[in-house]
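Asker: Here you go, sequence then predicted model.
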Amino acid sequence: MIEIKHLYKRYHNHHGSNWVLKDVNFTIPMGVSVGLIGANGAGKSTLLRLIAGMDTPERGEVIRHSRVSWPVGLSGGMQGNMTGRQNVKFVARVQGSDPDEVKRVIKFVEEFAEIGPAFDEPIRTYSSGMKSRISFGLSLAFDFDVYISDEATAVGDRAFKAKAKALFESKTGQASLIMVSHSEGILKDLCQAGVYLKKGNVFWYDDINDAIAAYHSDVDQKKRHADLPSDVVGARKYLQACHADLKAAQEALTDAKEQADQKALAAAKKAVQEASKRAKEARANLELRQSER
Ligand SMILES: Nc1ncnc2c1ncn2[C@@H]1O[C@H](COP(=O)(O)OP(=O)(O)OP(=O)(O)O)[C@@H](O)[C@H]1O
């Protein structure tokens, strides 16, 4: 189980310092794999780094009741002048493995990475894909309860990704995954639950499909409102104008009814329907803009 309590995070940079995460609270139950979903810049990688303990929050805490991996595929800590084998040995020792365990880890990574004799060449001579294979294997060589995966670091070709996915799947039941991926297929395949990040807030869904649907529904709504005023004051004025139009259309309908002019009546009814539809859209747009503040 991982408990996230009153988590606040912002970066102090030249763009200002708006909250990326603002009073975020949720609990990830033991054994449940979770996909983090949200627009670009919503804070998915930030939240993942905080969960992995690689960054510190401004306020609040992440309580880990289980062994959490570093982001799978992250190769930042590797020493360029040391070979793949030496780097793996070093990490295994730092993790407190005994000599037999160190041997097992080295064998696992060598087989998993499939980079052949390059395993005994200095890491600085590796391509980024080769480095990623080693670091990927290293994360998977240890029995963590929770694996952290960010697609930004978990690079690799198709065949290699399929292999990593199969290995994750084989760990289902023993270990879970917290991941960021822009591929909804991968999220649906590997995760049960979903967390949707939106404007510094986090929404938990027991079913990953519901999290993806909520995200889609917001994206669709945004598209529909793209032509309407994007600020609250403008949206409110537009709604008032729509209400005035609707009122005028209703009055015209009343007049048409009194005159019993069938042609005018049909046109007035249509005008009321259209004005009513515009007013509804204007109301939804105002609510959307208010929620964005
Ligand atoms: N090291 C940093 N320094 C300053 N700002 C940062 C840093 N890392 C992230 N940010 C900012 O924090 C916000 C959230 O970034 P983050 O990478 O967590 O989002 P994301 O949801 O993972 O985005 P994407 O889907 O584009 O990868 C963005 O506005 C980003 O510019």
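Answerer: Right, received. Where do you want to start? Residues are numbered from 1 along each chain as shown.

Asker: So which bits of the chain are right by the ligand?
Answerer: Neighbours of the ligand within the chain, by CB under 6 Å from any ligand atom: Tyr11, Asn13, Val20, Gly38, Asn40, Gly41, Ala42, Gly43, Lys44, Ser45, Thr46. Quick note: C-beta positions are derived from backbone N, CA and C, even for glycine.

Asker: could you redo the last one with a cut-off of 8 Å?
Answerer: Counting by CB under 8 Å from any ligand atom, the chain comes close to the ligand at 10-13, 15, 18, 20, 36, 38-49, 150, 152, 180, 182, 197.

Asker: Tell me which of the residues you listed fall in strands.
Answerer: Among the residues of the chain next to the ligand, the members found in strands (DSSP state E) are Leu36, Asp150, Val180, Leu197.

Asker: Just the pLDDT at the first one, thanks.
Answerer: On pLDDT, Leu36 comes in at 94.

Asker: next one: the third one
Answerer: Note for Val180: predicted pLDDT of 88.

Asker: quick one, what contacts it?
Answerer: Listed by CB atoms under 8 Å, 6 or more residues apart in numbering, the contact set of Val180 reads Gly35, Leu36, Lys44, Ser45, Leu48, Ser149, Asp150, Glu151, Ala152.

Asker: re the thing from before, for the ones in strands among the residues of the chain next to the ligand, which two are the farthest from each other?
Answerer: Greatest spatial distance among those (CB to CB): Asp150 and Leu197, at 13.5 Å.

Asker: When these two are compared, which one has more neighbours?
Answerer: A side-by-side neighbour count of Asp150 and Leu197, using other CB atoms under 10 Å, places Leu197 first with 24 against 20.

Asker: If we ignore the residues flanking it in sequence, what's nearest the more buried one?
Answerer: Gly38 (3.6 Å; CB to CB, 6 or more residues apart in numbering).

Asker: Quick one: the strands in the stretch 151-293 of the chain, in order.
Answerer: 176-180, 193-198, 201-205 (DSSP state E, counting those that start in this stretch).
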